[in-house]
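Student: no FASTA, just this:
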């Protein structure tokens, strides 16, 4: 590819000085296209060598470089070994215009393809053995596949002058007909009548392998025989052409037409009768077998439907029961939570009431200048101030404030701690 890229640059520059190039470097025919002229001159400048072979095609001579031509074509390489002159003549079905395009490809690896010339260049690529590496056959085959679905009629018409090579080398005609059949286009029927019997035989043999349904093939054969009924088709050729029709691939309606068609040979009519009888027998057997299978299938389907319905109902009942049980559990959980909260609240209030109770003093009279004093009030601590010898320590306002001894203070603090510990425990629960 590196050498090719260098050549591309030289070729682009050559377009500007080709008109001043030496005439001796061009092909000898004045009808040679200017593009090939430029390519030959460009390669001469690039390689420093002059054209060294002459190739004659239909009266037109081409003066070319041997290394460029033989590097692309195995046929030319084989026939130009030890010689410098070659004439391409039948059975090679190649025109001067087609060879010019092929020579351009050998120099530049480029070619201009259309729906009208792709068949001729495709056939030339096969005949000249241009099938290795980055070859002309692959290029034309790719273009043919892209255009045959659009311009199949045009490509088919261009194939007619190339038969049988167009069919034997690449099945071009049969592929065009196949594309037209898929598009429900019967215009090919008008083109096939122009074929020679040998060429038509070659095409229908290819179609025998390509078409899964031979109704169209039968129609094409019948049309060809009708148009050439008093012409060039012999009885032997008619028989060989009709042998390409496979009666097992023909519909019953077409088989009936074939049996009633006077143009069809006796051999084909007998095959059509036997195939129609076999199809009828198969239909009767299939109908009887199908009826039995239908009864068994119907019973099986009924049982399957009943089982599926029963399973669906059981699943629905189980889901409803589960949902009800979940709702009941949620209600029970809410009730238990409420009872627990009420119980905790009542227990807390009861504990506080038992642990600490305020008892008002026996007299509320305030002495000593109306100011409150510790001696003017008293506290009675139930269940907190420990009792000793069934006596309760009391503060009398009439006497001095008694000195609180250590055991009393210790007991008071301990009782408070116990009270608050019990409260916190209840709240935590």
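Tutor: Okay, I see it. All values reported here derive from a predicted model rather than from experimental measurement.

Student: how's the protein carved up into domains?
Tutor: 2-229, 356-365+375-428 (automatic domain parsing).

Student: can you tell me the element residue 86 falls in?
Tutor: strand 85-88 (DSSP states H and E).

Student: lowest average confidence across the domains of the chain, which one?
Tutor: Lowest mean pLDDT within those: domain 356-365+375-428, at a mean of 47.

Student: sorry, back to before: just checking, what packs against the strand holding residue 86?
Tutor: When contacts are defined as 3 or more CB pairs under 8 Å, 6 or more residues apart in numbering; DSSP states H and E, strand 85-88 sits against strand 53-57. For every residue, glycine as well, the C-beta is placed using N, CA and C.

Student: partners of the strand it packs on in the sheet?
Tutor: strand 60-64 (antiparallel), strand 85-88 (parallel) (DSSP bridges).

Student: for the strand holding residue 86, buried residues please.
Tutor: 86, 88 (16 or more other CB atoms under 10 Å).

Student: residues making contact with that strand?
Tutor: Contact with strand 85-88 is made by 53, 54, 55, 56, 57, 76, 79, 80, 94, 99, as judged by CB atoms under 8 Å, 6 or more residues apart in numbering.

Student: I'd like those residues as TSV, with distance to residue 287 appended.
Tutor: As requested, the contacts of strand 85-88 are exported to TSV (distance: CB to CB, whole Å):
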residue	distance to residue 287
53	73
54	75
55	69
56	70
57	65
76	65
79	66
80	69
94	59
99	63
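
Student: so which helix or strand takes in residue 44?
Tutor: Using DSSP H and E, the element containing residue 44 is helix 34-47.

Student: compute the inter-axis angle for that helix and strand 60-64.
Tutor: If you take axes from the mean of the first three to the mean of the last three CA atoms, to 10 degrees, helix 34-47 sits at 20 degrees to strand 60-64.

Student: buried residues in helix 34-47?
Tutor: Neighbour-count burial for helix 34-47 [16+ other CB under 10 Å]: 35, 36, 37, 38, 39, 40, 41, 42, 43, 44.

Student: my guess is residue 53 contacts residue 66, does it?
Tutor: Yes. Between residue 53 and residue 66 there is a contact under CB atoms under 8 Å: 4.6 Å.

Student: which neighbours do the two have in common?
Tutor: Listed as contacting both residue 53 and residue 66 by CB under 8 Å, 6+ apart are 80, 84.

Student: which helices and strands sit right next to the helix or strand containing residue 143?
Tutor: Using DSSP H and E, residue 143 falls within helix 136-147. Helix 136-147 makes packing contacts with helix 96-108, helix 118-127 when contacts are defined by 3+ CB pairs under 8 Å, 6+ apart.

Student: most packed of those helices?
Tutor: helix 118-127 (a mean of 25; mean count of other CB atoms under 10 Å).

Student: ok, and what's touching it?
Tutor: 75, 92-95, 98-99, 101-102, 111, 113, 130-131, 135-137, 140-141, 143-144, 147, 155, 158-159, 162, 165-166, 169-170, 172.

Student: got the angle for that helix vs helix 96-108?
Tutor: Here the directions of helix 118-127 and helix 96-108 differ by 60 degrees (the same axes, to 10 degrees).

Student: report the angle between helix 118-127 and helix 136-147.
Tutor: Here helix 118-127 runs at an angle of 150 degrees relative to helix 136-147 (the same axes, to 10 degrees).

Student: follow-up on the earlier one: need the strands paired with strand 53-57 in a markdown table (columns: distance to residue 119).
Tutor: Output for these, formatted as a markdown table (distance: least, CB to CB, whole Å):
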| stretch | distance to residue 119 |
| --- | --- |
| strand 60-64 | 21 |
| strand 85-88 | 18 |
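
Student: tell me the contacts of residue 156?
Tutor: Contacts for residue 156 were tallied using CB under 8 Å, 6+ apart; they are 173, 176, 177, 180, 188, 191.

Student: where does it fall, secondary structure wise?
Tutor: Using DSSP H and E, residue 156 sits in helix 152-159.

Student: before we move on, what about residue 310?
Tutor: helix 266-355.

Student: which other helices and strands does that helix contact?
Tutor: Contacts defined by 3+ CB pairs under 8 Å, 6+ apart place helix 266-355 against helix 235-242, helix 252-260, helix 406-428.
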